[in-house]
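J.: Could you work out the structure for the sequence below:
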Amino acid sequence: MTEQQAGQQYFTADPSAAHDFHEFTFDLLGQSLTFRTDAGVFSKRTVDFGTRTMLDVAADLVLPAGKILDLGTGYGPVGIAIAKAWQRQVDMVDVNERALTLAQENAVRNQVADLVHIFPSSVYDQVTDRYAAIFVNPPIRAGKAVVTAMLQGAVDHLLPGGKLIAVIQKKQGAPSAEKNMAAVFGQVRVAGKKKGYFVLEAVHHG
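T.: Reported below is the predicted structural model:
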């Protein structure tokens, strides 16, 4: 049985997988955070290595003032860690309703519910604001069109000086992602890399 037949895809609006709840504690950006996860969401047993690498690199980046967008938030590790550690307002969006419910619970559990706004959006279709930074760990299995839309569409939702921060494995298309970002941003920087994961940074100069 494929993942599609099992209803397991984390990038669909309503995963049909039977519930399989997990709870764990993980340190991100110097904060000890507790997460509840479930079947049908990405990386349900622990925070995935790409996300960890992206946040490790982000800790050393300088971002302008303003809200932050966590695009494809899943159960919320990126947005919640940023809100807690940096005391920044964060919008957290995902197409997966099960993930969004968990993200809301996890925001309350980690005492950042007043700093985050969690809502459904397929890529940027419900996103109307502009942000100081957009963080994304793209769902590679959703296909190239979705990943490209996430990377190239960011330019329309960043403040001047705002940054797109994306993490992608080299073998899953980091060079291609770098070209896609360069096509709309002009320049792209490899802000960090670890074990085949590349953290790409692009600045909106508009």
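J.: rest of the way, CA atoms for contacts and neighbours
T.: Fine.
J.: Where is the longest strand in this structure?
T.: If you go by DSSP state E, the chain has its longest strand at strand 158-169.
J.: elements contacting that one?
T.: Contact partners of strand 158-169 among helices and strands, from 3 or more C-alpha pairs under 8 Å, 6 or more residues apart in numbering; DSSP states H and E: helix 49-58, strand 131-136, strand 197-203.
J.: could you redo the last one with a cut-off of 7 Å?
T.: Contact here means 3 or more C-alpha pairs under 7 Å, 6 or more residues apart in numbering; DSSP states H and E; on that basis strand 158-169 packs against strand 131-136, strand 197-203.
J.: List the buried residues for the first one?
T.: By neighbour count with 16 or more other C-alpha atoms under 10 Å, strand 131-136 contains the buried residues 131-136.
J.: Neighbouring strands - and their directions - for that strand?
T.: When pairing is defined by DSSP bridges, strand 131-136 lines up against strand 68-71 (parallel), strand 158-169 (parallel).
J.: And those strands: which comes nearest E97?
T.: strand 68-71 (13.9 Å; C-alpha to C-alpha).
J.: Could you identify the helix or strand that succeeds that closest one?
T.: Counting by DSSP states H and E, the next helix or strand C-terminal to strand 68-71 is helix 77-86.
J.: With distance to G66 as new columns, can the helices and strands packed on strand 158-169 be given to me in CSV?
T.: Putting those into CSV (distance: least, C-alpha to C-alpha, whole Å) gives the following:
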stretch, distance to G66
strand 131-136, 5
strand 197-203, 15
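J.: show me what contacts V112?
T.: 80, 83-84 (C-alpha atoms under 7 Å, 6 or more residues apart in numbering).
J.: on that earlier part again, what is the nearest of the buried residues of strand 131-136 to V57?
T.: Using C-alpha to C-alpha, those come closest to V57 at F135, 11.6 Å.
J.: Write down the beta-bridge partners of the closest one, one by one.
T.: Following DSSP bridges, F135 is listed with bridge partners D70, I165.
J.: Next, find the distance separating it from I165.
T.: Applying C-alpha to C-alpha, to the nearest Å, the value for F135 to I165 is 5 Å.
J.: what's near enough to touch the most centrally placed residue in the chain?
T.: For the chain, the residue nearest the mean C-alpha position is V136 (3.6 Å; C-alpha atoms, centre = their mean). If you count contacts by C-alpha under 7 Å, 6+ apart, V136 has them with 70-72, 165-167.
J.: redo that, cut-off 8 Å
T.: Contacts for V136 were tallied using C-alpha atoms under 8 Å, 6 or more residues apart in numbering; they are 70-73, 150, 164-167.
J.: Let me know the helix or strand that H117 is in.
T.: H117 is part of strand 116-120 when elements are defined by DSSP H and E.
J.: And for F26?
T.: Assigned by DSSP H and E, F26 falls within strand 22-28.
J.: relative to helix 77-86, how tilted is that strand?
T.: Orientation of strand 22-28 against helix 77-86 (axes from the mean of the first three to the mean of the last three C-alpha atoms, to 10 degrees) gives an angle of 50 degrees.
J.: Using PDB, write out every CA atom in the following helix or strand past strand 22-28.
T.: The first helix or strand that comes after strand 22-28 along the chain, using DSSP H and E, is strand 31-37. Extracted C-alpha coordinates of strand 31-37, given in PDB (Å, rounded to 0.1, in the frame of the first residue of the first chain):
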ATOM      1  CA  GLN A  31      13.900  26.700  24.400                       C
ATOM      2  CA  SER A  32      12.600  23.400  25.800                       C
ATOM      3  CA  LEU A  33       9.400  22.800  23.900                       C
ATOM      4  CA  THR A  34       6.800  20.100  24.200                       C
ATOM      5  CA  PHE A  35       4.900  18.900  21.100                       C
ATOM      6  CA  ARG A  36       1.900  16.700  20.500                       C
ATOM      7  CA  THR A  37       1.800  15.100  17.100                       C
END
